[in-house]
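1. sequence plus the predicted model coming up.
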Amino acid sequence: MNILEEIQNCPVEWKELGEVCSVKKGKQLNKNLLTEDGLYPAYNGGQTYSGRTNDYNVEANTIIVSQGGASAGFVNFVDTKFWANAHCYYILPDETRVNNRFVYHFVKMNQKYLMDFQHGAGIPALKADKLSKLLLPIPPLEIQEKIVQILDKFTDYVTELTSELTSELTSRKKQYSFYRDKLLSFEDEVYQVEWKTLAAVSEKTSNISWNKIGDDEKFKYIDLSSVDRVSNKIIETMSITKLTAPSRAQKIVKSDDIILGTTRPTLKRFTKITDDYNDQICSTGFYVFRTNGQVLPNYVYHIFSSSDFYKYLEENQSGASYPAITDALVKRYKIPVPSLEIQSRIVQVLDNFDMVCNDLNIGLPKEIELRQKQYEYFREKLLTFTAEGVYTDSTDKTSLGS
């Protein structure tokens, strides 16, 4: 008999989670007790720990659920001793009745259900009873352990795969950075170059005149959050009209422009404008570079990713809490300007490196997503018991502790 047949034929009780587990809330930790090299992580309800401390209040191998903030309802499992802060619930099962990891996999499966119950006008929160009243299937411990063995193998595999692919991506990015900085330094003086400011090799850009635009004319609006810092691509834009445009929606962009976030510039938000966004609008939080023909757009794109350029941005930004750099200061940055032929050769080399990094960057989440979907598929199969009170995503849950 396989495990699915065993599940279908075994007796199952349905209990509220609070009947077989203790749901506890963490205790606020003073910020001055957080240290970079503390012995234990401190979880404040987020998806990862918020710092480290030299004390702990919860033992290792414990299920936690975020109580407050945008991640309220997020389910995690901490395999070390840790400090549970005030916005962190932790679950202690009665292990004579339920397997700790079995409870984790089931609660994790219902994470979306819990997150949907966030309440509060200010900081979202999850009430404790939404968690304690969650209906939990309880098959025999032997069956629970078999289910855990299967699901833990999937989670271990996803973790191992993530680590391997991330390491490979990091290695490729280091190679790209090394060759990019070397090629753009021109320290060997093999090629004759002039050093010119960005202002000297750029064309003037313009802002939109909203008073000349029809009320129904729509534009794609590129905000700072629209540019992904990892892929350097535009991932999401807002559709705007003159009536809905934010005050910062002012700058017109054209194909092959390079835009750079000047608010918190060391976050490295920059991208090349593709044809999809020609004549669209970006935020005044971007510096817009448009070549006057002396430099190739992709050449400047790679310069914008260079270590020397970001050192310049860091040294010239101002403002302690919300640092920024002016367009005027960005334009003063001097770049090496070899012939267009040499620029083209450099771009070809660096584009190849960039493509490898991006392919890995695309492949990494896709591969992990595939494995994660496999885990979720088997989790649904193994944890969906046919019994009164069972619920899945397609079932109405409003009557369950709502």
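-> Yep, it's here.

2. what is the burial count for residue 160?
-> Neighbourhood size, residue 160 [other CB atoms under 10 Å]: 11. The way it works is simple: take the backbone N, C-alpha and C, and place the C-beta from them, glycine included.

3. which ones are touching residue 201?
-> 291-292, 294-295, 300, 335, 337 (CB atoms under 8 Å, 6 or more residues apart in numbering).

4. with residue 214 instead?
-> Residue 214 neighbours (CB under 8 Å, 6+ apart): residue 242.

5. next one: it from residue 242, what distance?
-> Distance, residue 214 to residue 242, by CB to CB, to the nearest Å: 8 Å.

6. any idea of the pLDDT on residue 362?
-> The score at residue 362 is 62. That number is its pLDDT.

7. then residue 302 would be within a helix, right?
-> Yes: assigned with DSSP: H, G, I helix; E, B strand; the rest coil, residue 302 falls within a helix.

8. quick one: it and residue 217, what's the gap?
-> For residue 302, the distance to residue 217 equals 35 Å [CB to CB].

9. with residue 39 instead?
-> 59 Å.

10. mind checking which of those two has more residues around it?
-> residue 39 (13 against 10).

11. leaving out the residues flanking it, which one is nearest to that one?
-> residue 54 (5.2 Å; CB to CB, 6 or more residues apart in numbering).

12. contact partners for the one you found?
-> Shown in contact with residue 54 (CB under 8 Å, 6+ apart): 33, 35, 38-40.

13. what about it, distance to residue 48?
-> As judged by CB to CB, residue 54 and residue 48 stand 19 Å apart.

14. and for residue 38?
-> Plainly put, residue 38 is 15 Å away from residue 48 if you go by CB to CB.

15. looking at those two, which is more packed in?
-> The residue with more neighbours, out of residue 38 and residue 48, is residue 38; 17 against 9, by other CB under 10 Å.

16. isn't that one up against residue 53?
-> Yes: with contact defined as CB atoms under 8 Å, residue 38 reaches residue 53; the gap is 4.4 Å.

17. from the contacts of residue 54, which two are the most distant?
-> 33 and 39 (11.8 Å; CB to CB).

18. surely residue 172 is in contact with residue 352?
-> No: contact criterion CB under 8 Å: residue 172 and residue 352 do not qualify, at 11.1 Å.

19. more neighbours: the two, which one.
-> Legend: neighbour count by other CB under 10 Å for residue 172 and residue 352, higher for residue 172 (18 against 12).

20. and stretch 291-305, which residues are buried?
-> 291, 295-305 (16 or more other CB atoms under 10 Å).

21. apologies, that question was intended for stretch 178-195.
-> Buried-residue list, stretch 178-195, by 16+ other CB under 10 Å: 180-181, 183-184, 186.

22. would you mind giving the residues you listed as JSON lines with secondary structure, distance to residue 29 and pLDDT added?
-> Listed next are those as JSON lines, based on DSSP: H, G, I helix; E, B strand; the rest coil; distance: CB to CB, whole Å; pLDDT from 0 to 100:
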{"residue": "180", "secondary structure": "helix", "distance to residue 29": "42", "pLDDT": "85"}
{"residue": "181", "secondary structure": "helix", "distance to residue 29": "41", "pLDDT": "88"}
{"residue": "183", "secondary structure": "helix", "distance to residue 29": "48", "pLDDT": "85"}
{"residue": "184", "secondary structure": "helix", "distance to residue 29": "46", "pLDDT": "87"}
{"residue": "186", "secondary structure": "coil", "distance to residue 29": "51", "pLDDT": "84"}
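
23. dump the residues you listed to JSON lines, plus distance to residue 96.
-> As requested, the buried residues of stretch 178-195 are arranged in JSON lines below (distance: CB to CB, whole Å):
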{"residue": "180", "distance to residue 96": "60"}
{"residue": "181", "distance to residue 96": "61"}
{"residue": "183", "distance to residue 96": "65"}
{"residue": "184", "distance to residue 96": "65"}
{"residue": "186", "distance to residue 96": "71"}
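
24. all helices for the stretch 51-200 of the chain, in order.
-> Along the stretch 51-200 of the chain, counting by DSSP state H, counting those that start in this stretch, helices occupy 100-109, 111-115, 128-132, 141-185.

25. that older thread, so for the residue nearest to residue 39, what pLDDT did the model give?
-> The score at residue 54 is 93. That number is its pLDDT.

26. likewise residue 187?
-> 76.

27. same check, this time on residue 254
-> pLDDT for residue 254: 98.

28. and if you look at residue 392?
-> Reported pLDDT for residue 392: 41.

29. just residue 171 next, same as before
-> pLDDT recorded at residue 171 is 81.

30. so which of the contacts of residue 201 are in strands?
-> Using DSSP state E, the subset of those located in strands is 335, 337.

31. now for the contacts of residue 201, which pair is the farthest apart?
-> Farthest pair in those (CB to CB) is 292 and 335. Separation: 13.1 Å.

32. so, low pLDDT: which residues of the chain?
-> 1, 120-122, 188-191, 358-365, 386-402 (pLDDT under 70).

33. tell me the domain boundaries of it?
-> Domain assignment for the chain by automatic domain parsing gives 13-139+388-402, 141-181+341-384, 194-337.

34. could you measure from residue 323 over to residue 173?
-> In terms of CB to CB, residue 323 sits 24 Å off from residue 173.

35. if anything else comes up later, I'll come back, but that's it for now.
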